[in-house]
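1. Below are the sequence and a predicted model; questions follow.
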Amino acid sequence: MVAVHNRRIQSGSLEAWRHSHLAELPDDVRSAMLTEASVVTIPAGSLIGETERPTLGLIHSRLTRVVLSGPDGRTATVRYAGAGQVLGLPSVIANGCPWLGYAITDCEITFLNPETLRRFGRTDARVAWSLARQMARVCYEAIDTLGANVFGTIDQRVSRHLPELAVRQPEGLVVLADQHELAQSVGSVREVVARSLRMLRERGALCAGCRRAAC
């Protein structure tokens with residue numbers, strides 16, 4: 001990953017902030033947070049977040065996914081996050097519980113100082129209430145995604161995740177993920193996902209290339 005450090009507020013950071021739930025926070029909080037921030041460009045497929053300490057990221061553009069890892073190395077997607085969404089808020093508030101995420105496409109992220117946000121949250125009731133509301137939104141997103149993975153059939157899970165992984169191209173919606181990546185998203189294995197994709201193609205709902213599927 002390539003980081004661009006600058007003590008001036010980046011225009012991309014400011015725009016992403018305005019389109020996020022962080023826009024509810026007072027102007028002095030925004031100025032303090034963005035002045036300390038660093039902007040990072042992350043290639044598709046690369047890891048986001050840190051396993052040793054809380055990390056807080058504000059997405060400028062494109063798409064990421066936050067995952068839960070099992071003891072056997074398999075992963076399941078907890079939530080997807082795109083432009084204007086925040087990554088890592090639960091770990092920042094809890095001062096622990098590091099999260100693991102991946103860039104689905106090349107994306108630009110502003111990394112914010114977790115301690116600064118915690119300081120404002122402890123001293124300003126407006127900030128604390130806004131963060132509580134945002135935490136509730138994140139929890140609902142995670143519960144919705146995990147619930148579908150737990151209770152849905154493999155066909156339902158694959159069908160649900162394909163639109164989340166898709167980006168719009170001239171030829172239509174294109175899933176920039178191979179079968180292994182899709183299996184990691186739904187918490188299954190490649191062979192099972194391959195059968196589900198074959199069924200979708202037979203029904204005319206999907207056509208696939210070497211590493212991507214357009215629908």
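-> It's in. Numbering: from 1, shown residues only.

2. Could you use CA atoms for every contact and neighbour count after this?
-> Noted.

3. just checking, what packs against the helix ranked longest in the chain?
-> What stands out as the longest helix in the chain, according to DSSP state H, is helix 125-151. Packing contacts for helix 125-151, counted by 3 or more C-alpha pairs under 8 Å, 6 or more residues apart in numbering; DSSP states H and E, involve strand 75-82, helix 114-123.

4. Redo the ones you listed as JSON lines? Include mean neighbour count, mean pLDDT and distance to residue 101.
-> Formatted as JSON lines, the helices and strands packed on helix 125-151 follow (neighbours: other C-alpha atoms under 10 Å; pLDDT from 0 to 100; distance: least, C-alpha to C-alpha, whole Å):
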{"stretch": "strand 75-82", "mean neighbour count": "22", "mean pLDDT": "81", "distance to residue 101": "9"}
{"stretch": "helix 114-123", "mean neighbour count": "16", "mean pLDDT": "93", "distance to residue 101": "17"}
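
5. I'd like to know which of those lies nearest to residue 172.
-> Closest approach to residue 172 among the helices and strands packed on helix 125-151 (C-alpha to C-alpha): strand 75-82, 18.9 Å.

6. So what touches the closest one?
-> Residues outside strand 75-82 that contact it (C-alpha atoms under 8 Å, 6 or more residues apart in numbering) are 59-69, 87, 141-143, 145-146, 164, 184-188.

7. now that strand and helix 125-151, what's the angle there?
-> 140 degrees (axes from the mean of the first three to the mean of the last three C-alpha atoms, to 10 degrees).

8. Now do strand 75-82: distance to the chain's middle.
-> Remark: strand 75-82 is offset 6 Å from the chain centroid, using C-alpha atoms, centre = their mean, to the nearest Å.

9. same thing with stretch 128-143?
-> That offset, for stretch 128-143, works out to 15 Å (C-alpha atoms, centre = their mean).

10. Check stretch 123-143 too.
-> Centre-to-centre, stretch 123-143 and its host chain are 17 Å apart (C-alpha atoms, centre = their mean).

11. What residues does residue 32 make contact with?
-> residue 116 are the contacts of residue 32 under C-alpha under 8 Å, 6+ apart.
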